[in-house]
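Q: What shape does this take:
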Amino acid sequence: MKGKNLVILIVLAIVLVGLAVHTSRKAGSTTPDVVGKKLLPDLPVNEIEKIVTKTGQSTVELARAESGWTLPSRYGYSADFTKLRGALLKLADLKIGQVLRVTEAQRRDLRMVPPGGTNAAGTVVDLLGAGGKSIASLLIGAEHSRKAPEGMGYGGYPDGQYVSIDGGKSVYLVAQPLEEFAVAAREWMDPEFVNVPAMDIETIEIGGAGRPELKLSRKADGSGFAMDGLKATEELDAAKVSSSESALSYLRPDDVADPVLTEAQLDTPMDFDSVKAAGSMLGTAAVTVFTEGTCPVAVLARMAQFYAHESCGQCTPCRDGTGWLERIVESIEHGTGRAGDCDLLLNAAQQIMGNTICALGDAAAMPVISFVKTYRADFERHIALGRCPYE
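A: Residues are numbered from 1 along each chain as shown. Down below sits the predicted model:
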């Protein structure tokens, strides 16, 4: 009898082990043959003519034209080719790290749901060829974040992304975050709007309605500028001259709100009526120009401090997010930044965008995204040196 009971116990143990193995395979990650292989093998990058990114709130379109890649929603303004090329090459090189079998609830948590009718939707990136022919379609879900080391003053950082190439049926984890495709149209704009090195300028002419014209000419030895018609009793303001000399060194567009003007209209006076008569609009006319040698991290730190102070605290993303942005930028500026802070800033800013009642949250997030992406090298220099290199 004891032997019979022993046999029964052994059989039950085998059944239980089998059930446990079966259950573990139903949910969680597996390692089939596709692991380590490219997600989009042989992606014909050079044949892509259009990229359409769709979220539950917006659609961003990038199109190839004779002059290069453009943004149709921004009146054909040039797209940032360096950023676009990097994003496409990243897609071409993506390798599958894990294959996950998920339940419907887990699928929603991972945002492995195409946009349309649910807040848990991911982002769809359609790559189109000539004639609108589909080359590939990618569903981008939630980011995978690495847990922050113990003692770190803030949370972890993204180190992967959940993706699918069949509308969410098959879920993969790749090792590279795909934050490039989670941005607004203006974030794809070519930042090189105007870039005139100060040393290339030989003459500066300043004029306008109701004011005398001023002309500054570079001295023969290249040491600075002299003003035509300056009286012996008058002294040239060196600070203003320096500001004028480097005014166009760091001019960057924030967005395109109105129709562009042509090259032949560059001499249009920058007043509301003149710009309107030329076929465009001046908008809020809020333009800030920084001289060459200005630390972009310090500028952003001041902006972040302002928005953190102005937040009323009603919306959690703004209340907590603006404080995070301020502290992280301040730590980078003062030499205590950490590797991964640039990606952390972008991630935090993107979590604020579109998730607040008023526009202050977006206003706080937009300069962070713009500054980090435009001047990332400066941020990384601060972190590497442990100090501000401009001081």
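
Q: How is residue 73 assigned, secondary-structure-wise?
A: Following DSSP: H, G, I helix; E, B strand; the rest coil, we place residue 73 in the helix state.

Q: Nearest residue to it in space, please, no chain neighbours.
A: Nearest residue to residue 73, sequence neighbours excluded (CB to CB, 6 or more residues apart in numbering): residue 185, at 5.1 Å. All C-beta spots, glycine's among them, are computed from the backbone N, C-alpha and C.

Q: Contact partners for that neighbour?
A: 58, 60, 61, 71, 73, 74 (CB atoms under 8 Å, 6 or more residues apart in numbering).

Q: Distance of residue 363 relative to residue 60?
A: To residue 60, residue 363 is 20 Å away according to CB to CB, to the nearest Å.

Q: Just the buried positions in stretch 111-123, please.
A: Within stretch 111-123, the residues scored as buried using 16 or more other CB atoms under 10 Å are 111, 112, 113, 114, 115, 121, 122, 123.

Q: Let's have the residues you listed in CSV, adding secondary structure.
A: Shown next, in CSV, are those (three-state DSSP):
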residue, secondary structure
111, coil
112, coil
113, coil
114, coil
115, coil
121, coil
122, coil
123, strand
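
Q: how about the residues you listed in CSV, adding distance to residue 47 and pLDDT?
A: Below are the buried residues of stretch 111-123 laid out as CSV (distance: CB to CB, whole Å; pLDDT from 0 to 100):
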residue, distance to residue 47, pLDDT
111, 29, 91
112, 28, 92
113, 29, 90
114, 24, 90
115, 26, 87
121, 28, 85
122, 25, 91
123, 22, 92
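
Q: circling back: most surrounded residue in the contacts of residue 185?
A: With neighbours defined as other CB atoms under 10 Å, the most crowded of those is residue 60; it has 23 neighbours.

Q: Then that one would be within a helix, right?
A: No. Applying three-state DSSP, one finds residue 60 to be strand, outside a helix.

Q: Report the beta-bridge partners for it.
A: On the basis of DSSP bridges, residue 60 is bridged to residue 53.

Q: Tell me how this structure divides into domains.
A: With domains defined by automatic domain parsing, the chain comprises 45-188, 198-230+237-264, 296-385.

Q: of all the contacts of residue 185, which comes closest to residue 318?
A: When those are compared for distance to residue 318 (CB to CB), residue 58 wins out at 19.7 Å.

Q: Quick check: the gap between residue 178 and residue 325.
A: 22 Å.

Q: And for residue 369?
A: Counting by CB to CB, the gap from residue 369 to residue 325 is 10 Å.

Q: which of the two has more neighbours?
A: residue 325 (26 against 21).

Q: Tell me, how many residues neighbour the residue nearest to the more buried one when sequence neighbours are not counted?
A: Once flanking residues are discounted, residue 325 sits nearest to residue 304: 4.8 Å by CB to CB, 6+ apart. Neighbourhood size, residue 304 [other CB under 10 Å]: 26.

Q: helices or strands up against the helix or strand that contains residue 304?
A: In this assignment (DSSP states H and E), residue 304 forms part of helix 296-310. If contacts are counted by 3 or more CB pairs under 8 Å, 6 or more residues apart in numbering; DSSP states H and E, helix 296-310 sits against helix 316-333, helix 360-374, helix 376-385.

Q: can you give me the strands in the stretch 101-250 of the chain?
A: 123-128, 134-146, 157-164, 171-174, 203-208, 211-218, 225-227 (DSSP state E, counting those that start in this stretch).

Q: Lowest average pLDDT across those strands?
A: Of all the strands of the stretch 101-250 of the chain, strand 203-208 carries the lowest average pLDDT, namely a mean of 81.

Q: name the helices or strands packed onto that strand?
A: strand 211-218, helix 238-245.

Q: Could you export it as PDB, CA atoms only?
A: Extracted in PDB, the C-alpha atoms of strand 203-208 (Å, rounded to 0.1, in the frame of the first residue of the first chain):
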ATOM      1  CA  THR A 203      29.900  94.500 -42.500                       C
ATOM      2  CA  ILE A 204      26.800  95.100 -40.300                       C
ATOM      3  CA  GLU A 205      24.100  97.500 -41.400                       C
ATOM      4  CA  ILE A 206      21.300  98.400 -39.100                       C
ATOM      5  CA  GLY A 207      18.300 100.500 -40.200                       C
ATOM      6  CA  GLY A 208      14.600 100.900 -40.100                       C
END
